[in-house]
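> Turn this into a structure:
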Amino acid sequence: MTDASINTASAENEAQFGDYFALLKPRVMTLVVFTAFVGLLAAPVSVHPFVGFCAILFIALGGGASGALNMWYDSDIDAVMKRTARRPIPAGKVTRDEALSFGVALSGFSVLMLGLATNWFAAGLLAFTIFFYVVIYTMWLKRWTPQNIVIGGAAGAFPPMIGWAAATGGISVESVLMFCLTFMWTPPHFWALALFMRGDYDNAGVPMLTVTHGRRATRVHILVYTLLLAVLAIAMGFTSAGGPIYLTVAIVLNLLFIKGAIAIWRRDEEDAERDNFAAERSFFKLSLLYLFMHFGAILIEAGLEKFGYGLSLGGLL
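Numbering: from 1, shown residues only. Alright, predicted model coming up:
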């Protein structure tokens, strides 16, 4: 091999900006940004646009830092799963040490800057979220218990609370319910995915519920969590963050979600294999829309409230 070819191969493997950006899990970051933004806007406190922009930026960077540290620790798992094998570390674009340094530096920067831009309660909540996702979920729960998604889902549920805290300096019933909405949505969302992606988790040795307890138990769990989720989602409609628009959206979406969960619960494995898990895939796609529509409705209610058109249903409780 000539020197020119060696240099060419080295250049091809050298990390690019896109590789470091991929470490941040941009698709997950989109959810972090959106829910944090809704939490910030729904808070009963006006925030200067520049301060709000900085808050969302630093919350996003904190979420991205969590993703980078997750990829650093889970690079061995990522390498054997089809849907993660092309991530920067298993693809040889970024080394584990580079990902670790990048994630740690970004974590410290995001927490410090959020504290300076808003308040230290919000910054502390962001720091705890990063710790929870990296240490509690990634390093401990994910490889140890089939409840990994249940408990670990808290990490993805904190952003709206952080957004609310950035505006108010504290928490409330509304921000806790926004947390609960995401927290209870996470298990059925991921379990539906696991039903038709079980081979990946088998190969990686991850104790997902489908692997440890089987698909029948997973279907039962999806139904139970969906029913509990519906109660919490509709309860949000009777707080200051809710209203008639949100309540209408919540009722319709949760009826559809429950219908999908019942369809999954009724199926046996022969049915699922026969139609290539059509019901499970449909439920998973609906779950993506589910969270966006709920938080979108909260955002609309917040906008109406800011312009003096809000109508709270809290007095009906």
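> residue ranges of the helices in the stretch 101-250 of the chain, please?
Taking DSSP state H, counting those that start in this stretch, the helices of the stretch 101-250 of the chain run over residues 120-131, 148-152, 154-157, 159-168, 173-196, 198-204, 209-212, 214-236, 244-266.
> Which secondary structure elements does the last one sit against?
By that I understand helix 244-266. When contacts are defined as 3 or more C-beta pairs under 8 Å, 6 or more residues apart in numbering; DSSP states H and E, helix 244-266 packs onto helix 173-196, helix 214-236, helix 278-306. All C-beta spots, glycine's among them, are computed from the backbone N, C-alpha and C.
> Name the surrounding residues that touch that helix.
By C-beta atoms under 8 Å, 6 or more residues apart in numbering, the list of residues contacting helix 244-266 from outside reads 188, 192, 195, 219-220, 222-223, 226-227, 229-230, 233-234, 236-238, 242, 279-280, 282-283, 286-287, 289-290, 293-294, 296-298, 300-301, 304, 311, 313.
> In PyMOL, select just the buried ones from these.
Here the buried members of the contacts of helix 244-266 are turned into a PyMOL selection, burial being counted by 16 or more other C-beta atoms under 10 Å:
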select buried, resi 188+192+195+219+222+223+226+227+229+230+233+234+236+237+238+242+279+280+283+286+287+290+293+294+296+297+298+301
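> Quick check: which of the helices of the stretch 101-250 of the chain is buried the most?
By mean neighbour count, with neighbours taken as mean count of other C-beta atoms under 10 Å, helix 159-168 ranks first of these at a mean of 28.
> residues in contact with that helix?
Contact partners of helix 159-168, identified using C-beta under 8 Å, 6+ apart, comprise 31-33, 35-45, 47, 52, 55-56, 59, 63, 114, 118-119, 121-122, 125-126, 129, 171-172, 174-176, 178-179, 182, 295.
> Can you flag the buried ones in the residues you listed?
Restricting the contacts of helix 159-168 to buried positions leaves 31-33, 35-43, 47, 52, 55-56, 59, 63, 114, 118-119, 121-122, 125-126, 129, 172, 174-176, 178-179, 182, 295, with burial counted as 16+ other C-beta under 10 Å.
> Sketch out the strands for the stretch 1-150 of the chain, chain order is fine.
Listed from the start of the chain, the stretch 1-150 of the chain has no strands (DSSP state E, counting those that start in this stretch) to report.
> low-scoring stretches of it, by residue?
Segments of the stretch 1-150 of the chain classed as low confidence (criterion: pLDDT under 70) are 1-15.
> show me the contacts for the residue nearest to residue 113 when sequence neighbours are not counted.
The spatially closest residue to residue 113, leaving aside those adjacent along the chain, is residue 58, at 4.8 Å (C-beta to C-beta, 6 or more residues apart in numbering). For residue 58, the set of contacting residues under the criterion of C-beta under 8 Å, 6+ apart consists of 110-111, 113-114, 117, 126.
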